[in-house]
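Chemist: structural data only, the sequence is not supplied:
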């Protein structure tokens, strides 16, 4: 049973890998460079503004594109290819190390000895490429998990994949609440995790202070354990926790698959910590000397005899010895930084980085566990004696592209498997984000009515209408698709959004506002309007997908649901977790726009409509249309 479950995950991981490989092959074969730029898969033209050595023998280049309209799909950790269009088609694969507006950093994975080779201004492009490394890491972790015979990870495997409905007998009795300076449910969660033997769960619904709770828990763990491993599937989640832990006085090192992280956590990265070492400048000089020796060895000579051959041989040897010296110094510096850290922070895949791959811990904390694949979670769980999972399985699951992989269970997370089956599972119940009326729907439909609003937010609103649901039924605002897109958009819904915004603009001057849609085509439409319409000048407004807004909050949220058709089809909106994320981003005002003659045939939209009517929050779109 256990080995069968893991084998299915291995098969699912392979199916997902093949689906992504096929996608990138199709993209490369069918799209021109211009089309790739327009689809967000490439930047062109670009200018290389900086090139420098970073940790290891890698070179990081910083590129910039003209300030142009349109979104893109590059993010930290994305595999990419840098192509020089006027250097005989030279190409270098690499990994995105950071993205800030129209500037991107890339760590080149192909060894380059001469910085001048990539630093000069030249015609160049960068595009996303297929990267199989995450799949290789996940497969290796699953195979290791399947082969275990004893130890904490083997026991955890038995708990996860046993046939029993309840496994609470494997855990100690629930702990009483401790006193850690937080609210009662947070204090009890910390006490429960400290008292857990093998596995514990902190269930953190939106706005309940999960990150604050984890930070305090890790602080308490640091009094008992030399080092704690903190990880998550995404770079953003890891960076947020790393920054918070540093703020409360812990010595944090951020490591992983890339040597730069987000701007807010860059000072904590292993690369930056190493650069601060007194011997770092010495390493840079050695690398420059090695590059110069190799360059001299490869200089073309018209006369080439035995003496020139011997000279070239000596120069190559000198380059190798200098590089080995630099590597040895780097390893010593890196080990010194890691040894002194109280907390090691990394993405789940990044734990296979050579600098930390052999490290072991008493406790690993996996944040945003509801978005982590089992396969990548095993890469962390194999390295610790105790696992603490934190997240909310009532929000968005991990993204799985392959239907076959989904069928084989790739989208089922550790939280899904363990929730309700262990005693060390603690729900955070006090929320600090939203008005009671905004909370009401998700609280009732997803959290059994157990959440309560802190008094500081329960009645906080811009006006007497914290929730507005605008129904476009009968307005003729049908969804549409571009001929070359699989994503839907709805210009009519944007029209209603704009009119409502215009009527309330006097309230928005000091607020931050988010506009959300489940469909990227609608997000693209809205972003174009934000850039071109005078209505939004001087107001803090951002637009993104539901997936892109998970983990974020705004004073005001507009939600455009897009789907409007005679057949009542709503696609992936049928996943109730998606609407739960969207409805819990707003603090003071939430405006939902949709065709409820289409949506209202399905759960949970029928329940949302019922709630809106019961609190006088229902409006017809006709109210916002000129006669």
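Modeler: Looks like it came in fine. Keep in mind it's a predicted model, so treat the numbers as computed, not measured. Residues are numbered from 1 along each chain as shown.
Chemist: wait, is residue 346 part of a strand?
Modeler: Yes: checked against DSSP: H, G, I helix; E, B strand; the rest coil, residue 346 lies within a strand.
Chemist: give me the beta-bridge partners of it?
Modeler: Note on residue 346: beta-bridge partners residue 231, judged by DSSP bridges.
Chemist: just give the number of residues close to it.
Modeler: By other Cβ atoms under 10 Å, 28 other residues sit near residue 346. Bear in mind the C-beta positions are built from the backbone N, C-alpha and C, glycine included.
Chemist: ok, now which ones touch it?
Modeler: When contacts are counted by Cβ atoms under 8 Å, 6 or more residues apart in numbering, residue 346 touches 229, 230, 231, 238, 254, 255, 256, 353, 356.
Chemist: identify the farthest-apart pair in those residues.
Modeler: 230 and 353 (14.8 Å; Cβ to Cβ).
Chemist: neighbour count winner among the two?
Modeler: residue 230 (28 against 16).
Chemist: next one, pLDDT for that one please.
Modeler: On pLDDT, residue 230 comes in at 98.
Chemist: equivalent analysis for residue 325, please.
Modeler: 75.
Chemist: swap in the one 3 residues further on?
Modeler: Reading off the confidence values, residue 328 has pLDDT 75.
Chemist: tell me how many other residues surround it.
Modeler: The burial count assigned to residue 328 is 11, neighbours taken as other Cβ under 10 Å.
Chemist: nearest the geometric middle of the protein, what residue?
Modeler: residue 234 (3.2 Å; Cα atoms, centre = their mean).
Chemist: okay, the contacts of residue 346 in JSON lines with distance to residue 248 and secondary structure next?
Modeler: What follows is these, written out as JSON lines (distance: Cβ to Cβ, whole Å; DSSP: H, G, I helix; E, B strand; the rest coil):
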{"residue": "229", "distance to residue 248": "17", "secondary structure": "strand"}
{"residue": "230", "distance to residue 248": "13", "secondary structure": "strand"}
{"residue": "231", "distance to residue 248": "18", "secondary structure": "strand"}
{"residue": "238", "distance to residue 248": "16", "secondary structure": "helix"}
{"residue": "254", "distance to residue 248": "16", "secondary structure": "strand"}
{"residue": "255", "distance to residue 248": "20", "secondary structure": "coil"}
{"residue": "256", "distance to residue 248": "22", "secondary structure": "coil"}
{"residue": "353", "distance to residue 248": "25", "secondary structure": "coil"}
{"residue": "356", "distance to residue 248": "22", "secondary structure": "coil"}
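Chemist: closest to residue 505 out of the residues you listed?
Modeler: residue 238 (37.7 Å).
Chemist: that closest one: how many residues sit nearby?
Modeler: Using other Cβ under 10 Å: residue 238 sits among 27 other residues.
Chemist: give the contact list for it.
Modeler: 230, 231, 232, 254, 256, 261, 265, 345, 346, 347, 367.
Chemist: please apply the same query to residue 393.
Modeler: 203, 370, 413, 415, 416, 419.
Chemist: can you pull the poorly scored residue ranges out of the stretch 451-600 of the chain?
Modeler: 483-485 (pLDDT under 70).
Chemist: tell me which stretches of it form helices.
Modeler: 491-504, 520-532, 546-549, 576-583, 596-599 (DSSP state H, counting those that start in this stretch).
Chemist: tell me which of these approaches residue 406 most closely.
Modeler: helix 576-583 (14.4 Å).
Chemist: which elements pack onto the closest one?
Modeler: helix 436-446, helix 546-549, strand 554-560, helix 605-614 (3 or more Cβ pairs under 8 Å, 6 or more residues apart in numbering; DSSP states H and E).
Chemist: partner strands of the third one and their direction?
Modeler: Put plainly, it is strand 554-560. Here, using DSSP bridges, strand 554-560 pairs with strand 512-517 (parallel), strand 586-594 (parallel).
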